[in-house]
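A.B. asks: I would like to see how this sequence folds:
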Amino acid sequence: PVLGQPDDAQEFAVMRVPRWGSDYMVPVAGGVTRARTLDPIGIGHYPGTQMPGETGNFAVAGHRTTYGKPFSDIETLRIGDAIVVETEAGWYTYRFRTLEYVKPTETSVLNATPQLDVAAGDAYITLTSCSPRWSMTERIVAYGVFESFTPREAGPPASLTEGIA
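C.D. replies: Residues are numbered from 1 along each chain as shown. Below is the predicted model of the structure:
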């Protein structure tokens, strides 16, 4: 099931990344403003990008060094790591593919097809944060590809316990 676009600062999901520990559970809300979403809530969804499981790019932002620092360990992701987005309906599992660094003005990472070498028509997740730590001169960007949806009535997916740090 595809969710509707959330309102600004409206929480609609929880992100879980087993690589970052079994207790890593951070709210995801609409919008990417510091004052309303990133600082008080944690992870923000870029308005106008796709929603979890939807064809295209589900793009989110989070801090690395302040306000809960939800993407503090973004550079530790390994190919195949699970990035799980939990909603009321169930769990959307994505698999990490690659990292890159871009200038803050490089907004193509938010496109429905976020990289030139990926197929149009698939579902992706893009995590963005500032880089290096304590600086805004670049953005570190992590990309993943959608693997599966597990309905809530089926119980938590195995991906939630794979590779727990």
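A.B. asks: wait, what's in contact with Q115?
C.D. replies: When contacts are counted by C-beta atoms under 8 Å, 6 or more residues apart in numbering, Q115 is found next to 98, 109, 143. (Glycine included, C-beta is placed from N, CA and C.)
A.B. asks: neighbour count and pLDDT added to these, as CSV?
C.D. replies: Written out in CSV, the entries for the contacts of Q115 read as follows (neighbours: other C-beta atoms under 10 Å; pLDDT from 0 to 100):
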residue, neighbour count, pLDDT
T98, 13, 95
V109, 18, 94
Y143, 22, 96
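A.B. asks: could you let me know which of these ends up closest to A119?
C.D. replies: Ranked by distance to A119 (C-beta to C-beta), the contacts of Q115 are led by Y143 at 12.7 Å.
A.B. asks: those strands in this protein, which residues are they?
C.D. replies: Taking DSSP state E as the criterion, the chain contains strands spanning 11-16, 26-30, 43-45, 56-62, 82-86, 90-102, 123-131, 138-151.
A.B. asks: and the ones you listed, which is most packed in?
C.D. replies: strand 43-45 (a mean of 27; mean count of other C-beta atoms under 10 Å).
A.B. asks: in terms of secondary structure, what does that strand contact?
C.D. replies: Strand 43-45 sits against strand 26-30, strand 56-62, with contacts defined as 3 or more C-beta pairs under 8 Å, 6 or more residues apart in numbering; DSSP states H and E.
A.B. asks: contact partners of the first one?
C.D. replies: Just to be clear, that refers to strand 26-30. Counting by C-beta under 8 Å, 6+ apart, strand 26-30 makes contact with 5-15, 37, 41-45, 47, 60, 62, 68, 70, 85, all of which sit outside it.
A.B. asks: now with 6 Å, please.
C.D. replies: Here strand 26-30 makes contact (C-beta atoms under 6 Å, 6 or more residues apart in numbering) with 6-11, 13-15, 37, 41-43, 45, 70.
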